[in-house]
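> Here's a sequence, model it:
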Amino acid sequence: MALSQLTAQFAQRGAMLLSGQIDMLLASYAFPLPVFLEERLLLVRSQDQARAILDHVCGSLVDRGVARVRPKVTAVELPRAGRYRVWVDWHDGAIPSDASLLMQAIYYCRDTADGSRIEMVNCTRLTHPGLDRQIEAMALSA
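Below is the predicted model:
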């Protein structure tokens, strides 16, 4: 898949998150979904659990004044057996700078008959103070 196509897919996912189209966003994930938040492993077991977490993330971003998120795909692994990794830096809608960085993540993807599915997320950097602990608490309480 071309870099421009991947960037467009992730941009669409970001727009779905901020516009509250969580159910549409969830269609691109496979469950159960392992999520690493800065080295802590969480297992998001269901779409219902993911919906609650993503609703919280959306609200948190909106509360911070983030009106648009912009993905920057920094690397893509060559696919092996239909699986590949995508490195993405997420920025708010501001002009690119370190100050606009929201999150850095590695997405573990698999090609399926229904399109690309995300099977695991490794969030290597999250710049929103406390959000990682809030997400962890939500995942553990389910």
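> distance from the centroid: which residue in this protein tops it?
Relative to the C-alpha centroid of the chain, counting by Cα atoms, centre = their mean, Ala81 is the outermost residue, at 22.7 Å.
> any idea which element Asp89 lies in?
Secondary structure from DSSP states H and E places Asp89 in strand 83-92.
> Remind me what whatever helix or strand comes next after that strand packs against, helices and strands.
Moving toward the C-terminus from strand 83-92, the first helix or strand encountered (DSSP H and E) is strand 101-112. For strand 101-112, the helices and strands in contact under the criterion 3 or more Cβ pairs under 8 Å, 6 or more residues apart in numbering; DSSP states H and E are strand 83-92, strand 115-126. C-beta coordinates here come from the backbone N, C-alpha and C atoms, glycine included.
> tilt between the shortest one and strand 115-126?
To tie it back to what came earlier, the one meant is strand 83-92. In terms of direction (axes from the mean of the first three to the mean of the last three Cα atoms, to 10 degrees), strand 83-92 departs from strand 115-126 by 50 degrees.
> any weak-confidence spans in this protein?
In the prediction, the chain carries residues with pLDDT under 70 at positions 1, 94-99, 128-142.
> change it to 90
Flagging of the chain using pLDDT under 90 yields the residue ranges 1-5, 37-40, 53, 56-69, 92-103, 113-116, 125-142.
> just to revisit the earlier point, give the buried residues for the strand holding Asp89.
84, 86-92 (16 or more other Cβ atoms under 10 Å).
> Right, I'll leave it there.
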